[in-house]
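**Student:** Can you look at this prediction? I've put the sequence above it.
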Amino acid sequence: MKKDIHPTDFRIVAFKDMSTDNIVLTKSTVKTSETVEVEGVEYPLYKMEISSASHPFYTGKMKFVDTAGRVDKFMNKYKNHMSNRKK
């Protein structure tokens, strides 16, 4: 193994799924500006739009919360192509 290729500035970070409010604690080097208290301990907070707690593939539900409007933008851009495909 090569020496000194892995970061040494990692710490425990709280990753929060904004659509389900699910929080996962894991080690990371991600830079954050916010914090959150989990079970009485304060951790750096990283907000995510989607995780395995809300993704349709993992949940088996087709409900998809798109906070950035990407799905609508895609549907508007390709609506003519998609309507021709169904015929």
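**Tutor:** The structure has been received and is ready for your questions. Residues are numbered from 1 along each chain as shown.
**Student:** bridging residues for M48?
**Tutor:** D17 (DSSP bridges).
**Student:** nope, I23 is what I was after
**Tutor:** Judged by DSSP bridges, the bridge partners of I23 are K16.
**Student:** ok, the closest residue to N22 other than its chain neighbours - contacts?
**Tutor:** Nearest non-adjacent residue to N22, counting by C-beta to C-beta, 6 or more residues apart in numbering: A53, 3.9 Å away. All C-beta atoms are positioned from the backbone trio N, CA, C, and that covers glycine. For A53, the contacting residues are 17, 20, 22, 59, by C-beta atoms under 8 Å, 6 or more residues apart in numbering.
**Student:** Quick one: buried ones out of these?
**Tutor:** Buried subset of the contacts of A53 (neighbour count, 16 or more other C-beta atoms under 10 Å): D17.
**Student:** Dump the contacts of A53 to JSON lines, plus pLDDT.
**Tutor:** Putting those into JSON lines (pLDDT from 0 to 100) gives the following:
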{"residue": "D17", "pLDDT": "89"}
{"residue": "T20", "pLDDT": "85"}
{"residue": "N22", "pLDDT": "89"}
{"residue": "T59", "pLDDT": "71"}
